[in-house]
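A.B. asks: Using only what follows, build the 3D model:
(2 chains)
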Number of protein chains: 2
Amino acid sequence: MLEDRIRRPSLLDKIVTPREAAGLIRDGMTIGMSGFTRAGDAKAVPVALAERAKTDPFKITLLTGASLGHDIDRMLTEAHVLARRMPFQTDPTLRAAINRGEVMFVDQHLSETVEHLRAHQLGPIDYAIIEAAAIREDGGIIPSTSIGNSASFAILAKKVIVEINLLQTLDLEGLHDIYIPTRRPMREAIPVTACDSRAGLPFIPIDPDKIAAIVITEQKDSFSTVEPADDDTQAIANHLIGFFEKEVQCGRLDLTLNPLQAGIGTIANSVLAGLAAGPFHHLRLYSEVLQDSTFDLFDAGKLSFASGSSITLSSACAARVYADFRRYKDRLVLRPQEISNHPEVIRRLGVIGINTALEADIYGNINSTHVNGTHMMNGIGGSGDFARNAYLSIFVTKSLAKGGRISSIVPMVPHVDHTEHDVDIIVTEQGLADIRELAPRERAVEIIRNCAHPSYREELLDYFTRAVKRGGHTPHILEEALSWHARSRETGSMRDAARSEAAE
Amino acid sequence: MLEDRIRRPSLLDKIVTPREAAGLIRDGMTIGMSGFTRAGDAKAVPVALAERAKTDPFKITLLTGASLGHDIDRMLTEAHVLARRMPFQTDPTLRAAINRGEVMFVDQHLSETVEHLRAHQLGPIDYAIIEAAAIREDGGIIPSTSIGNSASFAILAKKVIVEINLLQTLDLEGLHDIYIPTRRPMREAIPVTACDSRAGLPFIPIDPDKIAAIVITEQKDSFSTVEPADDDTQAIANHLIGFFEKEVQCGRLDLTLNPLQAGIGTIANSVLAGLAAGPFHHLRLYSEVLQDSTFDLFDAGKLSFASGSSITLSSACAARVYADFRRYKDRLVLRPQEISNHPEVIRRLGVIGINTALEADIYGNINSTHVNGTHMMNGIGGSGDFARNAYLSIFVTKSLAKGGRISSIVPMVPHVDHTEHDVDIIVTEQGLADIRELAPRERAVEIIRNCAHPSYREELLDYFTRAVKRGGHTPHILEEALSWHARSRETGSMRDAARSEAAE
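C.D. replies: Predicted structure coming up:
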């Protein structure tokens, strides 16, 4: 039964228990693990690692593609296994440890981690732990529902542990396109000139002798935590549809739009799904994670092709998609995240990037990562890879958070992940600000008028008006610029109690 | 005599005075002008434009490559001709008008302006005004000492005014490589795979019927305003040489290094020239402006090839270089700034980007543009194009400014042009901080210890230590984070008078 999963007979001897595989890892090692947005993560060995650390304490540097499922980051954090972690995470327990300064977290553009490994700025990787659908006769690894950084981890690692997951369908074979950029200084152009370009191999080519252990698992991916669309996300989608329609009317886009990218999470997923209601057709995705919205758009007949680095679905959507995966497969490709997020390809294709902001300031700077400028949420992920090189860089957010106590439009963001130079469009449920080719003073008017919630609009305008009196290309009142966040830290609310009372 | 400069006889009829050419420009027009870092700018028509506006007021949107020489931005500002200006400037009079909010300045990545034009997000260009060494028989324009955005301006403009500058040597012919990316969605890879790749034409191909007027000039480029190296810039260069030597020792680089880029200005120029003292050889530049340092490195036998978008030299260096230009010519190429600064090429080549910071914060965020977070200096220029995609993104600055009243290392920068995600190395005359793969708390220690001036170090450490007590991935004390800048705005100094007294 295992012969179709482990097609190189000599490797059958490498099958061990998760505990035995975990025993290979030594204190101080750097580990590269598969997993990108809860998809295709190694599921058994990391659990055994956490278990082992309870009696045999050790620390590792853990690199992944992006976020892991199955509470793995929680278990590893609670077992105090993580000394360093990069380039992305979404786990509440790990997040708290990062914010306490217990785990050194390096918040990195998702396209860059393997460049750093290849250039020996990072690493070397002692063990790669990679989930696979199968191992080929030549030792090549057929990944499962994500590629992420798995290919380069496995290629660059000293040794590889493979988790063969029997619940990942063998229909995944042929889905992947593993292209690794050639070495500098002789690096060639990346031969991806369209969403459906294929440039590489359908498996990760490694020397089979590097495979130190194989573990058999039988466990589904964690399902997506994306929430359904609500009135606000629908309003954001509608504003975007209206904007795209206008771009079509004035000849800047046609109804197939440019290739689309949508960030991880509820809002971007809802916005993308919302495009099905527009007049667009033959859409293409050049994105990182393919969420429910991808398959909703396929089923609505709106989408021609989707390129990503992982497939992360809700329980219902996963049941639908994997029951008949071959229906979608020839319109899908998964790539290493270095390629799905590569500046070269994003700029070439003219990708329209839609990413979620934590907050935006009145001049168009975006904070994607730090609550109150200090506390890490998840990480920048791929948003920077796209925003910096997109044809259109769009950020979406609801105008309010925490029941209205927090405004997502603020005088100055206390942490900048995307600078004013890299932001074209900001959308909230209130409206859309098109800040292309505008000077900061012009942007402020657009953003406050179109994006801020009415309950904060007057106070923002008042700040801007008083700041302008002080002059400057980008007017600010420095001693007041971060006062909304200071207040929020103290009271849990950005609302100025004195001001609110005076207004009553 | 003009036949070698205007090789299409029918165009000789187009020769007019600068005043006549300026008369073609109407109120409200968008004008694209040649000129990049004071090199190859149109010299006569803009002066006539400013003159005309004194009696016949009108406004234009002015696009250039980068900065202009010959006080043209001053004259146009004083004549109130500029409604909008992009993507870069360095003129004190224009800067003041920008900061008063009189001129709407769009501070843009230099690689992006023509993408926006091509996508009709900007423009259309009514007139391109382009300095040329000559016009070919087929109407093709041979630029002079810069390309900048001239090629796309001329190709996309409705009409073109050419300034033939008789003082620009005809030896410039053949220096230029005009490659324009193909149109999306069929855009091909940019065929530049090495500093010395040639991918395009040695002239700007346009329909000769678009040439509305030709003006003859005889005026040198403004000379570079770069100042000579001093002890501080020499110390910065020495720290970088030491760093590169260590990178070579551990096998990450070889003695030819990766292709180098150095930003505009005194510090980057001095640092680049300083590399001549190191053990490096066969260096290559993939940069935007080729300054004196380029030719110093050629003459020192250290440089194999230099690719840029303009040549901007001091008076002495210009005399030396242009007296025998053919000696250098086959080791030089000038490209459109879209290509010299293109993310695709920068990432492919693995460029080492060396750019000047106005200030850096303890977590590695860089402010390149805004004094006290509000007042524009020059603009981001190409620094973002390089920093975002470089193999190594290096920022240099002196640790002190204004006679010690300003620290260039601060708790939090009040404007971010380059985020913590895009900065690898920070160097001041005090030392070098290698913040690659470090978490923010680790970076702070490195930056404060290695880069801050001793007279501010203790106060920075005190801030950091107190911030850490509040917790967070990137600890800050929000109500204090910008207090150094608020103080500097009030008193002209970041030094805390109370604190300094207490210390005495």
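A.B. asks: So, low pLDDT: which residues of the stretch 151-300 of chain A?
C.D. replies: Low-confidence segments of the stretch 151-300 of chain A (pLDDT under 70): none present.
A.B. asks: residues from it in reach of chain B?
C.D. replies: By the criterion of Cβ under 8 Å from any Cβ of the partner chain, the positions of the stretch 151-300 of chain A lying close to chain B are A:184-191, A:193-194, A:250-252, A:258. C-beta: built from backbone N, CA, C; applies to glycine.
A.B. asks: where does chain A have its least confident helix or strand?
C.D. replies: Taking mean pLDDT, DSSP states H and E as the measure, the helices and strands of chain A show their lowest mean at helix A:497-503, namely a mean of 64.
A.B. asks: Touching, residue A:269 and residue A:295? I think so.
C.D. replies: No - taking contact to mean Cβ atoms under 8 Å, the distance of 11.1 Å between residue A:269 and residue A:295 leaves them out of contact.
A.B. asks: These two: which is more packed in?
C.D. replies: Of the pair residue A:269 and residue A:295, residue A:269 is the one with more neighbours under other Cβ atoms under 10 Å in any protein chain shown, namely 28 against 22.
A.B. asks: What separation is there between the more buried one and residue A:228?
C.D. replies: Relative to residue A:228, residue A:269 is positioned 9 Å away (criterion: Cβ to Cβ, to the nearest Å).
A.B. asks: cool, and residue A:259?
C.D. replies: When Cβ to Cβ is applied, the distance between residue A:259 and residue A:228 equals 26 Å.
A.B. asks: just the helices in the stretch 201-350 of chain A please.
C.D. replies: Counting by DSSP state H, counting those that start in this stretch, the segments of the stretch 201-350 of chain A that form helices are A:231-249, A:266-274, A:292-299, A:315-323, A:326-329, A:337-340, A:343-349.
A.B. asks: Quick one: residues contacting the nearest residue to residue A:400 once chain neighbours are set aside.
C.D. replies: Nearest non-adjacent residue to residue A:400, counting by Cβ to Cβ, 6 or more residues apart in numbering or on different chains: residue A:453, 5.0 Å away. Listed by Cβ atoms under 8 Å, 6 or more residues apart in numbering or on different chains, the contact partners of residue A:453 are A:399-400, A:404, A:407, A:409, A:428, A:430.
A.B. asks: can you check residue A:439 too?
C.D. replies: Shown in contact with residue A:439 (Cβ under 8 Å, 6+ apart): A:473, B:84, B:104-106.
A.B. asks: quick revisit: out of the contacts of residue A:453, which are buried?
C.D. replies: Burial by neighbour count, 16 or more other Cβ atoms under 10 Å in any protein chain shown: within the contacts of residue A:453 this picks out A:399-400, A:407, A:409, A:428, A:430.
A.B. asks: any idea which of these is closest to chain B?
C.D. replies: residue A:407 (15.6 Å; Cβ to the nearest Cβ).
A.B. asks: Make sure that closest one is actually in contact with residue A:456.
C.D. replies: Yes - counting by Cβ under 8 Å, residue A:407 touches residue A:456, with 4.1 Å between them.
A.B. asks: shared neighbours, these two?
C.D. replies: In the contact map built from Cβ under 8 Å, 6+ apart, the residues linked to both residue A:407 and residue A:456 are A:399, A:494.
A.B. asks: Low-confidence ranges, the stretch 351-500 of chain A, go.
C.D. replies: Low-confidence segments of the stretch 351-500 of chain A, defined by pLDDT under 70, are located at A:499-500.
A.B. asks: Excluding chain neighbours, what is closest to the most centrally placed residue in chain A?
C.D. replies: Per Cα atoms, centre = their mean, the C-alpha nearest to the average position across chain A is that of residue A:381, at 4.4 Å. Closest residue in space to residue A:381, ignoring its immediate chain neighbours: residue A:88 at 5.2 Å, by Cβ to Cβ, 6+ apart.
A.B. asks: mind checking how far the one you found is from residue A:156?
C.D. replies: Residue A:88 sits at a distance of 19 Å from residue A:156 (criterion: Cβ to Cβ).
A.B. asks: which one of these two has more residues nearby?
C.D. replies: Neighbours per residue (other Cβ under 10 Å) separate residue A:88 from residue A:156, with residue A:88 holding more: 28 against 20.
A.B. asks: which SSE is the more buried one in?
C.D. replies: Here residue A:88 sits in a region with no helix or strand, counting by DSSP states H and E.
A.B. asks: Just to check, it is in contact with residue A:62?
C.D. replies: No - here residue A:88 does not reach residue A:62: they are 11.4 Å apart, not a contact under Cβ under 8 Å.
A.B. asks: hmm, stretch A:474-488 in reach of chain B?
C.D. replies: Yes - applying Cβ under 8 Å from any Cβ, one finds stretch A:474-488 touching chain B at A:474-476, A:478-479, A:481-483, A:485-486.
A.B. asks: gap between that stretch and the chain center?
C.D. replies: Centroid separation for stretch A:474-488 versus its chain: 30 Å, with Cα atoms, centre = their mean, to the nearest Å.
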